[in-house]
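Engineer: Sequence and predicted structure below; questions after.
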Amino acid sequence: MKLSEIARRLDCVLEGDPSLDITGVAGIGEAEPGHLTFLSNPRYRKAVQTSRASAILIAMDGGPVPMFALRSTNPYLDFARAIELFYQPPDYAPGIHPSAAIAPRARIAPGAHIGPHCFVDADAEIGRHAVLHSFVSIYRGARIGDNFIAHSHCVVREFCRIGDRVTLQNGAIVGTDGFGFARRADGSWHKIAQSGIVVVEDDVEIQAHACVDRATVGETRIRRGAKLDNLVQVGHSCRVGEDTLLCGQVGLAGSTVVGRNAILAGQVGAAGHLKIGDGVTLTAQSGVHNDVPSGGMWSGYPAIPNKAWLKCVAVFNQLPDLQKRMRELRAAVEALSSK
């Protein structure tokens, strides 16, 4: 593809030869002649000087570069769009594999692809152009929208509702029982029936081996555009806001509410029955025990505003020296007292 055509499709400003042939896209360190790469993180600025790429996507004010440039207001996003110009995912023909088990009362819309050893129970509904890869299970009464993609070993449990353009990566489970048990007088546990459902709105992606628990009563809801990373756990009756990111190994205890456009980095944990506001960023391994107001960055365990946490960490690193100094001062005071 000509560089000028890429610039046109991405609406970028071209600096260089418009007739240059681009054969693919690659990262700065892996790029070869003919490749388009990108720079969005300043820490990789030095790598640009040694990159073998023929062209680079870079910010409007990104400075001079030793190759042809596509100036962009959002290089990272435009690189993602450039990948789509060269990579075409596999196309799956409509049809139901002979080994799939489809209940007579299941309703499957035209254009759906049902792969080997899938199971679709009675009264389940699957929308147009859905793709179910091998060993996907759709339980009774589940309702799934159009352009759904479920990779192998995914499960959608009974009566859950999934919108349009939702992707479940391998092993993701929607609608597992919530972790609800009531203690009996003898100390044993009585399982609380998890009678609610999970609602996943449009344009959500749930990645590998993530679990979203059904509500005890009512619903657990993942709102439009939210993205759940690998091994994320969303407890019963939680609500996750629009366009929020839950990164790897995030855990939300029951009835946690997360606002829109929030980012919970890897291994963030939230105690139940609390609210995390809109636009919040929680850095990796933060522990949330109380409500977090909208906006701002929070860190640490228990989570506090990031600037305060950085000061605490700085003090923590000095504790051995402070302890040594305190011992010296105590010894000096005791020496003076003994005189």
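Structural biologist: Received the coordinates, thanks.

Engineer: quick one: buried residues of the helix ranked longest in the chain?
Structural biologist: Secondary structure assigned by DSSP state H gives helix 306-337 as the longest helix of the chain. Going by neighbour count (16 or more other CB atoms under 10 Å), the buried part of helix 306-337 is 306, 309. For glycine as for every other residue, the C-beta is placed from the backbone atoms N, C-alpha and C.

Engineer: Now do that helix: distance to the chain's middle.
Structural biologist: Mean-position distance between helix 306-337 and its chain equals 41 Å (CA atoms, centre = their mean, to the nearest Å).

Engineer: Equivalent analysis for stretch 17-29, please.
Structural biologist: On the basis of CA atoms, centre = their mean, stretch 17-29 sits 29 Å off its chain's mean C-alpha point.

Engineer: measure that stretch end to end?
Structural biologist: 23 Å (CA to CA, to the nearest Å).

Engineer: for that stretch, what is the average pLDDT?
Structural biologist: The average pLDDT within stretch 17-29 is 95.

Engineer: Repeat that for stretch 192-207.
Structural biologist: Over the span of stretch 192-207, the pLDDT mean works out to 97.

Engineer: Can you get me the start-to-end distance on that stretch?
Structural biologist: End-to-end distance for stretch 192-207: 28 Å, by CA to CA.

Engineer: what's the answer for stretch 61-76, then?
Structural biologist: Termini of stretch 61-76 sit 14 Å apart (CA to CA).

Engineer: Could you do stretch 55-64 as well?
Structural biologist: Stretch 55-64 has its terminal residues 12 Å apart, counting by CA to CA.

Engineer: One more: stretch 185-202?
Structural biologist: So stretch 185-202: terminal residues 44 Å apart, CA to CA.

Engineer: what does stretch 9-17 give?
Structural biologist: 16 Å.

Engineer: For it, which outside residues touch it?
Structural biologist: Counting by CB atoms under 8 Å, 6 or more residues apart in numbering, stretch 9-17 makes contact with 3-4, 6-7, 55, 57, 60, 67-72, 78, 81-82, 85, all of which sit outside it.

Engineer: Identify each buried residue in that stretch, please.
Structural biologist: Within stretch 9-17, the residues that count as buried by 16+ other CB under 10 Å are 10, 12, 14, 15, 16.

Engineer: same question, stretch 70-84
Structural biologist: Across stretch 70-84, burial judged by 16+ other CB under 10 Å covers 70, 71, 72, 75, 78, 79, 81, 82.

Engineer: chain center to that stretch: distance?
Structural biologist: Averaging C-alpha positions (CA atoms, centre = their mean) puts stretch 70-84 20 Å from its chain's average.
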